[in-house]
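A.B. asks: I'll drop the sequence and a predicted model, then ask my questions.
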Amino acid sequence: MVSMARQSEQLAASAHPLVELRAVDVAFGRNPVLREIDLSIPRGQTLAIIGESGCGKTVLLKTIIGLVKPTRGEVFFDGKNLFEFSEQELTRERMRFGFVFQGAALFDSMTVGQNVAFPLREHTENSDQQMQEVVLSRLAEVGLPESIVSKKPAELSGGMRKRVGLARALALSPELMLYDEPTTGLDPIMSDVINELILRTRSQHPVTAVVVTHDMHTARKVADRVIMVYPLSRLRPDEPQVIFDGPPDAIDKSGDPRVTQFVRGEAGERLMEMRKMADLRLANDS
């Protein structure tokens, strides 16, 4: 029977979002990337972050897990301010995250088995037998056979490397999964395999997920909610940087032409804008 104290802890945990950003700004030197970002991600939600290249999607993803420190504002994970932790405490909290990098980011000198076991070897005291069981289990989850355990990443296709990266991210049974452009560089079939694995991960594990993508098929298929981030360089100082926030089926009905152009892949107005900027630079240089 669950104690009253434990029930109170569980209720308190469910009352606040798993991830929350409050008025977050990020700048690198004199170059602002994120401005006044307010974002709340409930437990169990899969959020897709979309937007064109250079708009700050990956920076936002890294800020969520404390890899990038905000210039201003606060980042909370499970109700705690990430940047009030000591480095040791922050490292411990990051064990609750799983990160699937854009290029898989596997260690070339290690075998597939060693790559998947890496977080277990670094952060647990599991025996070799226990780690081997987890490695095989996670590889099976992403549809990879035991026979690839001894292979090196260079021997794998791009899709297989992505799946190994997902298996490694799942090794510690994370509460928060983060995917940075998970289908980039893959053919349509393999891209959809990755999408299906993201959905399967959510059904098999009680995870919250954030997916950074420019692939609208991925956003529509895997997400409960989509936000679109716009480059600061093309916004007025009083304009919000998040120009869409809603369910995937609402994005096609957005009245904002910037959202519509991105979703439909229409470059006409953007091309005209780029020409005007180029003409302005030429005029200033002459």
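C.D. replies: Yep, that arrived.
A.B. asks: check contacts around Ser191.
C.D. replies: Residues counted as contacts of Ser191 (CB atoms under 8 Å, 6 or more residues apart in numbering) are 183, 215, 217-218. Yep, even glycine has a C-beta here, placed from its N, CA and C like the rest.
A.B. asks: now the strands for the stretch 151-286 of the chain?
C.D. replies: 176-180, 208-212, 225-229, 242-246 (DSSP state E, counting those that start in this stretch).
A.B. asks: Relative to the last one, what are the paired strands and their orientations?
C.D. replies: Partner strands for strand 242-246, per DSSP bridges, with pairing direction: strand 225-229 (antiparallel).
A.B. asks: got it, and the first one?
C.D. replies: Sheet partners assigned to strand 176-180 using DSSP bridges are listed as strand 97-100 (parallel), strand 208-212 (parallel).
A.B. asks: CA atoms of the last one as PDB?
C.D. replies: Read it as strand 208-212. Extracted in PDB, the C-alpha atoms of strand 208-212 (Å, rounded to 0.1, in the frame of the first residue of the first chain):
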ATOM      1  CA  THR A 208       8.200  12.600 -22.500                       C
ATOM      2  CA  ALA A 209       9.800  13.400 -25.900                       C
ATOM      3  CA  VAL A 210      11.100  16.500 -27.700                       C
ATOM      4  CA  VAL A 211      11.800  16.100 -31.500                       C
ATOM      5  CA  VAL A 212      13.700  18.800 -33.400                       C
END
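A.B. asks: Which one of the strands paired with strand 176-180 has the poorest average confidence?
C.D. replies: Among those, strand 97-100 carries the lowest mean pLDDT, at a mean of 90.
A.B. asks: thinking again about what came up before, dump the strands of the stretch 151-286 of the chain into CSV; add mean neighbour count and distance to Arg138 as well.
C.D. replies: Formatted as CSV, those follow (neighbours: other CB atoms under 10 Å; distance: least, CB to CB, whole Å):
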stretch, mean neighbour count, distance to Arg138
strand 176-180, 23, 13
strand 208-212, 24, 16
strand 225-229, 23, 27
strand 242-246, 17, 33
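A.B. asks: So for stretch 247-254, what gets flagged as buried?
C.D. replies: Buried residues in stretch 247-254, counting neighbours by 16 or more other CB atoms under 10 Å, are found at 248, 251, 254.
A.B. asks: Check stretch 112-124 too.
C.D. replies: 112-120.
A.B. asks: picking up where we left off before, same list, the strands of the stretch 151-286 of the chain, but as CSV with distance to Val149 please.
C.D. replies: Shown next, in CSV, are the strands of the stretch 151-286 of the chain (distance: least, CB to CB, whole Å):
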stretch, distance to Val149
strand 176-180, 23
strand 208-212, 26
strand 225-229, 37
strand 242-246, 42
